[in-house]
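>>> Model the following, please.
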Amino acid sequence: MSPMRRRLGLLIALAVTLLSLAGLSGPPPAHAADTLLSQGRPVTVSSTENPFAGANAVDGDLGTRWSSAFADPQWIQVDLGASAKISEVSLSWEAAYAKAFQVQVSADARTWSTVHETSVGPGGNQRMSVSGTGRYVRVYGTQRATQYGYSLWEFQVYGTKDTGGDPDPAPGEKLLSYGRTGAASSSQTDGHCWECTPARAFDRDPASRWATSPTNGWVDPAWISVDLGATAQISRVVLQWDPAYAKAFQIQVSPDNANWTPIYSTTTGTGLKQTLAVSGTVRYVRMYGTQRATQYGYSLWEFQVYGTGGAPITPPPLPPDPADPPRIVWQDEFNTPAGTKPDPAKWTADPGTGPNNELEYYTNHDNASMDGAGHLVIEARKQATPGTSCPTDPLTGSGTCQYTSARMNTGNKFEFTYGRVEARIKVPKGNGLWPAFWMMGADFLDGRPWPYNGEVDIMEVLGKDVKTSYSTVHAPAYNGGGGIGASYRLPGDVDYSDDFHVWAAHWDSKGIVYSLDGRTVLTLDKAEIERTRGPWVFDHPFYLILNLAVGGDWPGPTDASTPFPAKMLVDYVRVYQ
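Purely as a prediction, here's the structure:
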């Protein structure tokens, strides 16, 4: 920050202090019917001018602030924790304010509705009466009033939370069902659903599930129950359904596992994630299905009971979110001399043939080395590997692998949960080439099969279309061609093979935000995906992967025009937490 800007900020801070002493600090209080919903809630921003982090704008302290990069557009977004009816938004601007901006609301942090817009923003303290409903609220600045960025002392959102949706926990409320003993009318154990026993619904593992048996078990009624271990006062039941869900079911409770009383009943079950407000003093809780929504049985990824009392088993703590701003915790700058192999303390070669009907054989780092200019080079070559077997090469007709390349990962060397993950990469161009920067759930190395471990693709580009990049996640309920993601293109006439670009994923307990060269290209909201697609399986350790594939189902085969050797250049890989 320039000395002039720093002095200006100090003068503004002094003015705020003097106003506070005079009893005039900040905007006037909200109407008595409105609640301040934003204070202390999670914040996401387009950029940060260190050390003025986004959280400073919702901390209730007029002496701290958020500041952005010196560019348009920029934004700050707050997660209210649940859907709310928004009535007022208050902005307390620093001298670097927005001349033109919008106030927007969203249910999923992807699709936004504008509830206030101006091109003549005056700065200072602004209070705007608005009308909208959403979980997320953001200020989207499109024109700065100064040469600097955007800066807010406070960003306050007022309104009332909806009663629907997935509420924040009540005071003292705990997860009572974790690890407790379950029972069911039947269970499935076969090649389609291995050991899908009742315990799988109470393990807080979104990638394991309970299912009724296909042998005389895909019938109505069917049920699954849990023993809370002692009498409890329950307040909430969360059901995360597999596609085999209940159209009609009851939540029943019992003091003795024999006499059951319904406390919730529906004939219009929606499947996916259902959060049910319930009330009862019980020891046993069960889901009693009376009408299946499909030809199959009943299946739950998770059956969670919340409340007080009982005999709760403390589940492993969830990992902490990254700091704001995050700090670098792992990096490889690839600055060793030309010909040096990847650092064995950081990377493991992953030799062998590839999946997806790929045509290459991955060597033991023979195709990966430094160029002496600060880059890792992953090189695909037209080079047969005797004794190997690949899908038939359309150019030669051979079933021997006709190409070599490199695949490397950080498994068992560096594994992590949450953070900002980024790499600066230049991709090759040519039919059949498939460069990728991605992450795999670390339990894959322990034998858990794909996609139950989860996969996070940060960058995939097909050599036949180097104007388009893809970011995607894969999980049991959405994978392969059904993965959740998006494609995006560079502006103008350039393509990804022309120069280096920075692909990044900011991953935390709320979801994943993908960016390209600092521009957000895709936001995946955990709560929205659980509500609309299925379980989110990405809250556990992952490791990094770099590779350059040749051929395969998606990129298609090489042809006579494909240039070999083809090189994927990586300037750096960094992880921040």
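>>> Tell me where the stretch 401-550 of the chain has strands.
Counting by DSSP state E, counting those that start in this stretch, the stretch 401-550 of the chain has strands at residues 403-405, 407-409, 419-426, 433-441, 455-462, 465-474, 484-489, 501-508, 511-516, 519-525, 542-550.
>>> Adding mean pLDDT, mean neighbour count and distance to residue 98, write those strands out as CSV.
Any C-beta I mention is one placed from the backbone N, CA and C, and that applies to glycine too. Compiled in CSV, these are given as follows (pLDDT from 0 to 100; neighbours: other Cβ atoms under 10 Å; distance: least, Cβ to Cβ, whole Å):
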stretch, mean pLDDT, mean neighbour count, distance to residue 98
strand 403-405, 98, 27, 48
strand 407-409, 98, 23, 43
strand 419-426, 98, 22, 26
strand 433-441, 98, 25, 35
strand 455-462, 98, 23, 31
strand 465-474, 96, 21, 29
strand 484-489, 94, 16, 26
strand 501-508, 97, 23, 23
strand 511-516, 95, 22, 21
strand 519-525, 93, 19, 18
strand 542-550, 98, 25, 37
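>>> Residue 226 is nearest to which of those?
With Cβ to Cβ, the closest approach to residue 226 among the strands of the stretch 401-550 of the chain belongs to strand 433-441: 26.6 Å.
>>> Residue 104: which of the strands of the stretch 401-550 of the chain is closest?
strand 519-525 (13.1 Å).
>>> quick one: the closest one to strand 455-462, angle?
For strand 519-525 against strand 455-462, the angle by axes from the mean of the first three to the mean of the last three Cα atoms, to 10 degrees is 140 degrees.
>>> hmm, back to that, which one of the strands of the stretch 401-550 of the chain lies closest to residue 382?
With Cβ to Cβ as the criterion, residue 382 lies closest to strand 403-405 of these, at 5.9 Å.
>>> and that closest one, what other elements does it pack with?
Strand 403-405 is packed against strand 360-362, strand 376-382, strand 542-550, with contacts defined by 3 or more Cβ pairs under 8 Å, 6 or more residues apart in numbering; DSSP states H and E.
>>> Including distance to residue 327, could the ones you listed go into a markdown table?
Converted to a markdown table, the helices and strands packed on strand 403-405 look like this (distance: least, Cβ to Cβ, whole Å):
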| stretch | distance to residue 327 |
| --- | --- |
| strand 360-362 | 33 |
| strand 376-382 | 23 |
| strand 542-550 | 18 |
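>>> which secondary element of the chain has the worst mean pLDDT?
Least confident element among the helices and strands of the chain, by mean pLDDT, DSSP states H and E: helix 3-21 (a mean of 36).
>>> after that helix, next one along is what?
Using DSSP states H and E, the helix or strand that follows helix 3-21 in sequence is strand 35-36.
>>> and that following strand, what other elements does it pack with?
Counting by 3+ Cβ pairs under 8 Å, 6+ apart, the elements that strand 35-36 packs against turn out to be strand 151-161.
>>> Partner strands of the strand it packs on and their direction?
Using DSSP bridges, strand 151-161 pairs in its sheet with strand 35-36 (antiparallel), strand 66-67 (antiparallel), strand 74-93 (antiparallel).
>>> next helix or strand past the last one?
Going back to what we said before, that points to strand 74-93. Taking DSSP H and E, what comes next after strand 74-93 is strand 98-106.
>>> Where does pLDDT dip in the stretch 1-150 of the chain?
By pLDDT under 70, the low-scoring segments of the stretch 1-150 of the chain are 1-33.
>>> sorry, back to before: I'd like to know which of the helices and strands packed on strand 403-405 lies nearest to residue 103.
Smallest distance to residue 103 across the helices and strands packed on strand 403-405 (Cβ to Cβ): 35.4 Å, for strand 542-550.
>>> can you count the residues close to residue 492?
A total of 7 residues lie near residue 492 under the criterion other Cβ atoms under 10 Å.
>>> repeat for residue 46
For residue 46, the count of nearby residues is 22 (other Cβ under 10 Å).
>>> Quick check: the gap between it and residue 71.
Distance, residue 46 to residue 71, using Cβ to Cβ, to the nearest Å: 9 Å.
>>> now for the helices and strands packed on strand 403-405, which one comes closest to residue 161?
If you check each of the helices and strands packed on strand 403-405 against residue 161 by Cβ to Cβ, strand 542-550 wins as the nearest, at 33.0 Å.
>>> still on that earlier bit, save the strands paired with strand 151-161 as CSV, and put in mean neighbour count and distance to residue 441 too.
Output for those, formatted as CSV (neighbours: other Cβ atoms under 10 Å; distance: least, Cβ to Cβ, whole Å):
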stretch, mean neighbour count, distance to residue 441
strand 35-36, 16, 39
strand 66-67, 28, 33
strand 74-93, 21, 25
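>>> Could you export those strands as a markdown table, including distance to residue 378?
Shown next, in a markdown table, are the strands paired with strand 151-161 (distance: least, Cβ to Cβ, whole Å):
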| stretch | distance to residue 378 |
| --- | --- |
| strand 35-36 | 51 |
| strand 66-67 | 38 |
| strand 74-93 | 35 |
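>>> nearest to residue 521, of these?
Smallest distance to residue 521 across the strands paired with strand 151-161 (Cβ to Cβ): 14.2 Å, for strand 74-93.
>>> correct me, but residue 74 touches residue 141?
Yes: if you go by Cβ atoms under 8 Å, residue 74 and residue 141 touch, sitting 5.1 Å apart.
>>> Between the two, which contacts overlap?
Applying Cβ atoms under 8 Å, 6 or more residues apart in numbering, one finds that residue 74 and residue 141 are jointly contacted by 68, 150.
>>> next one: stretch 345-357 to chain centre, how far?
Put simply, stretch 345-357 sits 25 Å off its chain's centre (Cα atoms, centre = their mean, to the nearest Å).
>>> what's that stretch in contact with?
Stretch 345-357 has contacts (Cβ under 8 Å, 6+ apart) with 330, 332, 342, 360-365, 368, 388-391, 401, 406-414, 545, 547, 549, 551-554.
>>> And it, what's buried?
Residues of stretch 345-357 classed as buried: 347, 348, 349, 350, 351, 353, 354 (neighbour count, 16 or more other Cβ atoms under 10 Å).
>>> Pull it out as CSV, backbone CA atoms only.
Output in CSV follows, covering the C-alpha atoms of stretch 345-357 (Å, rounded to 0.1, in the frame of the first residue of the first chain):
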residue,chain,number,x,y,z
ALA,A,345,10.6,-35.8,-1.0
LYS,A,346,7.6,-34.2,-2.7
TRP,A,347,6.6,-36.4,-5.7
THR,A,348,6.1,-40.1,-6.4
ALA,A,349,6.1,-41.4,-9.9
ASP,A,350,3.0,-43.3,-10.8
PRO,A,351,4.1,-45.6,-13.7
GLY,A,352,1.8,-47.9,-15.7
THR,A,353,-1.0,-47.7,-18.1
GLY,A,354,-3.7,-45.1,-17.7
PRO,A,355,-7.5,-45.5,-17.2
ASN,A,356,-10.2,-44.2,-19.5
ASN,A,357,-8.8,-46.2,-22.5
